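Q: Next one to model:
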Amino acid sequence: MTAPIVMDPLAGDNVAEGARLRAAGPVVPVELLGGVRGWAVTRHAEARELLTDQRLVKDAAHWAAYQRGEVPKTWPLIGLAVPGPSMVTTDGAKHRRLRAIVAQAFTPRRVELMRPKIEEITARLLDDLAAAGPVVDLKTVFAFPLPMSVIGWLLGVPERDHAYIRELYERFFSSTTKPADVPATIAALNVFVSDLVAARRADPGDDLTSALLAADVEGGALTDAEAAATLRVIIAAGHETTVNLISNAVRALLTHPDQLALVRSGQVGWSAVVEESLRWTPPTSNFLFRFASEDIKVGDAVIPQGDPVLISYNAIGRDPAQHGVTAEVFDLTRDPIRHLSFGHGPHVCPGSPLARLEAGVALPALFERFPDLALAVGDDELRPSPSMVVNSLRELPVRL
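A: Down below sits the predicted model:
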């Protein structure tokens with residue numbers, strides 16, 4: 001086997017790393033922080049095929065190195081690789097049962113009914129922006145509180161807890177969290193969602209948490225452990241993806257004035273902004289993990305049984321075999337925009353309609369309210385969040 005590509009845990013240059021991975025082959029050996037080894041899927045066609053391959057499973061019982069004790073429970077990304085009994089970590093009938101309960105809440109029809117609430121929250125946050133200006137961190141004042149307010153409203157999470165949740169998840173996704181702090185961060189998240197489950201068991205309300213606990217599908221209702229793990233997934237995916245989608249889309253538009261002019265003139269719609277942003281700078285840079293339940297041959301490579309596999313959306317989104325010779329170009333006229341940034345197959349993100357709606361409401365409202373919006377620093381001064389999992393910025397300073 002060729003030497004693994006050492007991935008940057010601080011995500012200093014996601015574009016360059018994605019290109020390097022893609023050039024090395026469709027499936028390449030990689031080394032993550034702490035010396036943890038695995039494989040990265042780097043091209044669209046192979047990712048689409050492997051995301052439906054039943055030999056790649058989500059259960060960490062198949063992760064040989066972890067089961068041998070070679071990956072410590074203090075590994076900074078262990079909470080993502082082994083997150084508990086939810087639809088993210090299960091396969092087959094168990095996965096279908098857990099997913100069915102969650103998916104009921106995120107059908108396109110039900111998500112569309114949320115539009116008035118999302119518009120109301122967006123309008124309030126735009127007022128907050130105007131009051132905070134003329135220079136603000138758009139991520140902190142707008143991109144984060146919008147999806148966090150929406151998911152908090154859905155789940156019945158009080159606004160007073162939103163900042164605390166953000167702090168926990170920043171540590172959870174970060175590659176720089178000290179090993180000694182990893183168990184405490186995971187424990188704090190578990191306590192938060194477990195307390196939420198207990199509160200809704202005792203006093204059900206008109207919220208998604210109560211609905212999840214009351215739902216009964218084939219195989220029975222959620223146990224407390226399943227409910228807590230599911231809520232942790234929903235909260236994480238329900239805010240982090242949209243924070244990054246909004247921030248990355250704003251950055252792309254402000255650094256491509258020709259493309260911004262197209263959408264402002266009505267030549268392309270805001271849905272094109274959302275889809276091209278998802279492809280060009282995906283909110284999730286690398287998704288951990290699936291595990292080979294047997295040897296899997298992909299081209300000239302063989303993923304050995306027991307090895308972990310990550311999906312590198314950084315690399316896949318700019319695959320020229322899928323998106324042509326202009327794959328590196330941010331182009332709102334690209335037609336059609338076919339990407340995998342929300343996954344594919346049985347584990348495709350059930351919350352993608354909500355993320356698309358939130359961004360589809362937030363972006364046009366933001367640029368209509370502040371038509372002279374501009375970056376307050378040079379694009380080369382923007383700093384990435386130190387995470388190889390989420391494609392995020394530490395902050396997004398803008399001038400209103």
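
Q: Outside of stretch 350-359 itself, which residues are in contact with it?
A: Stretch 350-359 is contacted from outside by 87, 99, 102-103, 106-108, 111-112, 114-115, 118, 146-147, 150, 234, 237-238, 241-242, 245-246, 249, 271, 274, 277, 283, 342, 349, using CB atoms under 8 Å, 6 or more residues apart in numbering. Every residue, glycine included, has its C-beta placed from N, CA and C.

Q: Now the buried members of these.
A: With burial judged by 16 or more other CB atoms under 10 Å, the buried subset of the contacts of stretch 350-359 is 87, 99, 102, 106, 111, 114, 118, 146-147, 150, 234, 237-238, 241-242, 245-246, 249, 274, 277, 283, 342, 349.

Q: ok, residue 3 - how many residues close by?
A: 7 (other CB atoms under 10 Å).

Q: ok, now the one 10 residues further on?
A: The number of residues packed near residue 13 is 13, by other CB under 10 Å.

Q: Tell me how far it lies from residue 285.
A: When distance is defined by CB to CB, to the nearest Å, residue 13 is 11 Å away from residue 285.

Q: what's the answer for residue 391, then?
A: Separation of residue 391 from residue 285 (CB to CB): 4 Å.

Q: before we move on, what about residue 154?
A: Counting by CB to CB, the gap from residue 154 to residue 285 is 26 Å.

Q: The two - which one has more neighbours?
A: With other CB under 10 Å as the criterion, residue 154 and residue 285 differ in neighbour count, and residue 285 comes out ahead with 27 against 20.

Q: Name all residues that make contact with residue 34.
A: Listed by CB under 8 Å, 6+ apart, the contact partners of residue 34 are 71, 72, 75, 76.

Q: host element of the last one?
A: It stands for residue 76. For residue 76, there is no host helix or strand (DSSP states H and E).

Q: Roughly how far does the nearest residue to it once chain neighbours are set aside sit from residue 155?
A: Take residue 76 and drop its neighbours on the chain: the residue closest to it by CB to CB, 6 or more residues apart in numbering is residue 177, 4.8 Å away. As defined by CB to CB, residue 177 lies at a distance of 25 Å from residue 155.

Q: what do you get for residue 137?
A: As for residue 137, its distance to residue 155 is 26 Å (criterion: CB to CB).

Q: Which one's more surrounded, the two?
A: Between residue 137 and residue 155, counted using other CB under 10 Å, residue 155 has the larger neighbour count: 21 against 17.

Q: residues touching that one, list them.
A: For residue 155, the contact set (CB under 8 Å, 6+ apart) comprises 196, 207, 208, 209, 231, 234, 235.

Q: and what of residue 345?
A: 51, 52.

Q: Would you mind measuring from it to residue 122?
A: Here the distance between residue 345 and residue 122 works out to 32 Å (CB to CB).

Q: Same check on residue 329?
A: In this structure, residue 329 and residue 122 are 29 Å apart, going by CB to CB.

Q: Looking at those two, which has the bigger crowd around it?
A: For the pair residue 329 and residue 122, the greater number of neighbours falls to residue 122 (22 against 14), based on other CB under 10 Å.

Q: part of a strand, is that one?
A: No - under the criterion used here (DSSP: H, G, I helix; E, B strand; the rest coil), residue 122 is helix, not part of a strand.

Q: where exactly do the strands run in the stretch 1-150 of the chain?
A: Using DSSP state E, counting those that start in this stretch, the strands of the stretch 1-150 of the chain run over residues 5-6, 27-31, 37-41, 56-57, 135-137.

Q: can you put these in TSV and add mean pLDDT?
A: Output for those, formatted as TSV (pLDDT from 0 to 100):
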stretch	mean pLDDT
strand 5-6	97
strand 27-31	98
strand 37-41	98
strand 56-57	96
strand 135-137	97
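
Q: Compare those strands and report which one is nearest to residue 336.
A: Judged by CB to CB, the one of the strands of the stretch 1-150 of the chain that comes nearest to residue 336 is strand 37-41, at 22.2 Å.

Q: Could you tell me which residues within that closest one count as buried?
A: Applying 16+ other CB under 10 Å to strand 37-41 flags 38, 39, 40, 41 as buried.

Q: Could you do stretch 157-171 as well?
A: 157, 162, 165, 166, 168, 169, 170, 171.

Q: hey, where'd the strands end up in the stretch 251-400 of the chain?
A: Taking DSSP E, counting those that start in this stretch as the criterion, the stretch 251-400 of the chain carries its strands at 286-292, 296-298, 301-303, 308-312, 374-375, 397-399.

Q: Out of those, the one nearest residue 26 is which?
A: When those are compared for distance to residue 26 using CB to CB, the nearest one is strand 296-298, at 6.1 Å.

Q: In its sheet, which strands sit next to that closest one, and in what direction?
A: Partner strands and pairing direction for strand 296-298 (DSSP bridges) are strand 301-303 (antiparallel).

Q: Please name the residues that touch residue 7.
A: Applying CB under 8 Å, 6+ apart as the definition, the contact partners of residue 7 turn out to be 17, 30, 31, 32, 33, 40, 286, 388.

Q: now do residue 67
A: Going by CB under 8 Å, 6+ apart, the list of residues near residue 67 reads 60, 61, 306.

Q: which residue sits closest to residue 108 in space, ignoring its chain neighbours?
A: Computed as CB to CB, 6+ apart, the closest residue to residue 108 that is not its neighbour in sequence is residue 353, at 5.0 Å.

Q: I'd like the distance between the one you found and residue 234.
A: Separation of residue 353 from residue 234 (CB to CB): 14 Å.

Q: got it, and residue 325?
A: Taking CB to CB as the measure, residue 325 falls 39 Å from residue 234.

Q: from what I can see residue 134 touches residue 397, true?
A: No - counting by CB atoms under 8 Å, residue 134 sits too far from residue 397 to count as a contact (11.1 Å).

Q: Of those two, give the one with the bigger neighbour count.
A: Set side by side, residue 134 and residue 397 show unequal neighbour counts under other CB under 10 Å, the larger going to residue 397 at 16 against 11.

Q: Look up which residues are beta-bridged to the more buried one.
A: Under the criterion DSSP bridges, residue 397 forms beta bridges with residue 137.
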